[in-house]
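> would you be able to build a 3D model of this:
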Amino acid sequence: MSKGLRKGLTNYGDAGFALFLRKAFIKAMGYSDDALERPIVGITNTYSDYNPCHGNVPAIIEAVKRGVMLAGAMPMVFPTISIHESFAHPTSMFLRNLMAMDTEEMIRAQPMDAIVVIGGCDKTLPAQIMAAASVNLPTVVIPVGPMVVGHHKGEVLGACTDCRRLWSAHRAGEIDAEEIEIVNERLAPSVGTCMVMGTASTMACVTEVLGLSLPMSATIPAPHAERFRLAEASGKRAAEMAVSGGPRPSELLTPAAFRNATVVMQAIGGSTNGIIHLTAIANRTPYGYDLDMLDEIGRIAPVLIDLKPSGAHYMEHFHHAGGVPKLLAELGDLIDGSAPTIAGKSLGEIAAEAEIVPGQDVIRPRSNPIKAEGSMAVLYGNLAPGGAIIKRSAATPRLLQHTGRAVVFTSVEEMALRIDDPDLDVTADDVLVLLNTGPKGAPGMPEAGYLPIPKKLGRQGVKDMVRISDARMSGTAFGTIVLHITPESAVGGPLGLVRDGDQIKLDVDGRSINLLVDEAELDRRRAARSTVHANLPDRGYARLFQQTVTQADEGCDFDFMIAKKN
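Numbers count the residues shown, from 1 in each chain. Down below sits the predicted model:
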């Protein structure tokens, strides 16, 4: 197999000329023959002025390059798409598959013997790992790291759990306009990803457990010098892998690895988005992902990490308590310690070397969990024959068994128009239902599942109520919220049959979500349904997305990107 600059030569019908031409042009950059004969480590540049989460990427790249060169290889930086959750229209999830395709094709198109991918904000790491799984080139993943915490009036703040909490307080009239503007400047005090256990932190932890990044990669705060020392070490390791040829993602992304990642996702109180992303990654391998395994693990793997939104602390506290290695040590036999990692050690060996921090209370022992069961549960029923997800660790316990009257919104736009109407017929015991917000219906499955509490109820002191949809929600959000209902309403799923006043029964212990309407009436409603909500766009990526995106239980990847199963 060709290596270095000789790899993947452009096809002119003359390989010698192709290499000659490649070298002639790259020498315009000032490279010497000595540099060009070295193994090549590609490094993705996901920096963007629109992406504050990735604000430290230029410094990370310099540290990676230093590590690569210290190990005798040649670093080559190239750009890819950069995605930020709050700047991506219509939603960052809509662009995840585009980033995965971009990253995959750029890795395939350019000569490199190993790849370092740098990402963080929510959909970036999943996109990069999906690409890495498909290309199967030796890969090192570097998360950008979480922000440091903010402060306001003596209270510790974290984006974006406290963004949502304080905005809800503002909507309820508890915080005035002047103070909410002050809070706005204090919620995100540094570059980096959200410092709570949102999707970015969840996927960083999952990446470390999958063995794709070096120990402690998930938790080091973005501005800390340790983040850049880790980047240097990652570059060095990538250079070694460029020479040895492995381990490759196919050697790491095994059924045992996906099970380990699921255990950790449950134990950290992880984002529900992590389920979709882990499914998409697994579907790029021959193994796929099993929602029933997720639920089974949720019954036996307790929540051990005391982090918002399921607990009280923040990512930097998790880091100083020992990070993912210490969590693995506490999980003990729930983890398959024989799983390999890019560090050249097994997960068990990494756990055995975890730092012991006297007095820390962020990483709990199994004998004293935050929650006795895992953070997420899978629900089935006549509303969700393909499954639905609830983050029970962030829900109100009394609402986990609840029957209420449906208040239906047919779109995000209609919800925005009606939710704060003083004449809206709604009580705290009702169930808010949002339709047409799945992968095809929105499109892109926006984080609209965190339906706001109607303003008139918020002003009465209502903090939570049951909300259900085929949308997603941010991992930083909290509440009794049923998500990812499959199949989605826009493709004919039964959620689209719900009408105002229908009774809906949620039973999390029984793992069910059901519409209490007789089957004859549901048949009448099906027959009266004329067209689905999703319209096919005229052109471009939007058309490709609408035609080929799969449902939530398959990871919302494009159907033609899914690997053949064993």
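
> show the backbone phi and psi for the closest residue in space to Lys27 that isn't next to it in sequence.
Nearest residue to Lys27 in three dimensions, chain neighbours excluded: Leu36, at 7.7 Å (C-beta to C-beta, 6 or more residues apart in numbering). C-beta coordinates here come from the backbone N, C-alpha and C atoms, glycine included. Main-chain torsions, Leu36, degrees, to the nearest 10: phi -80, psi -10.

> now the strands for the stretch 401-550 of the chain?
401-409, 431-434, 467-469, 481-486, 503-507, 512-515 (DSSP state E, counting those that start in this stretch).

> what packs against the second one?
Right, strand 431-434. The contact analysis (3 or more C-beta pairs under 8 Å, 6 or more residues apart in numbering; DSSP states H and E) places strand 431-434 against strand 401-409, strand 467-469, strand 503-507.

> related to what we said a few turns ago, redo the strands of the stretch 401-550 of the chain as TSV? Include mean neighbour count.
Formatted as TSV, the strands of the stretch 401-550 of the chain follow (neighbours: other C-beta atoms under 10 Å):
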stretch	mean neighbour count
strand 401-409	18
strand 431-434	26
strand 467-469	28
strand 481-486	28
strand 503-507	19
strand 512-515	20
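
> could those go into a markdown table alongside mean pLDDT and distance to Glu155?
Output for the strands of the stretch 401-550 of the chain, formatted as a markdown table (pLDDT from 0 to 100; distance: least, C-beta to C-beta, whole Å):
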| stretch | mean pLDDT | distance to Glu155 |
| --- | --- | --- |
| strand 401-409 | 98 | 31 |
| strand 431-434 | 98 | 29 |
| strand 467-469 | 98 | 26 |
| strand 481-486 | 98 | 25 |
| strand 503-507 | 98 | 32 |
| strand 512-515 | 98 | 35 |
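
> quick one on the thing from earlier: nearest to Asp295, out of the helices and strands packed on strand 431-434?
strand 503-507 (13.8 Å; C-beta to C-beta).

> parallel or antiparallel, list what pairs with the closest one.
Note on strand 503-507: by DSSP bridges, its sheet partners are strand 401-409 (antiparallel), strand 512-515 (antiparallel).

> who's in contact with that strand?
For strand 503-507, contacts defined as C-beta atoms under 8 Å, 6 or more residues apart in numbering pick out 379, 383, 399-406, 431, 433, 466, 468, 480, 482, 498, 512-517.

> ok, now stretch 375-383?
By C-beta under 8 Å, 6+ apart, the list of residues contacting stretch 375-383 reads 265-270, 272, 275, 291-292, 294-295, 298, 303, 310, 387-394, 468, 482, 485, 494-495, 498, 504, 506, 508, 511-515, 522.

> again, but for stretch 400-411
392, 415, 418-419, 424-427, 429-437, 451, 466, 480, 498-509, 516, 533.

> now do 6 Å
415, 426, 429-436, 466, 498, 500-508 (C-beta atoms under 6 Å, 6 or more residues apart in numbering).

> with stretch 57-64 instead?
Outside stretch 57-64, the residues touching it (C-beta under 6 Å, 6+ apart) are Ile43, Thr46, Tyr47, Val77, Val116, Ile118, Phe228, Ala231, Glu232, Gly235.
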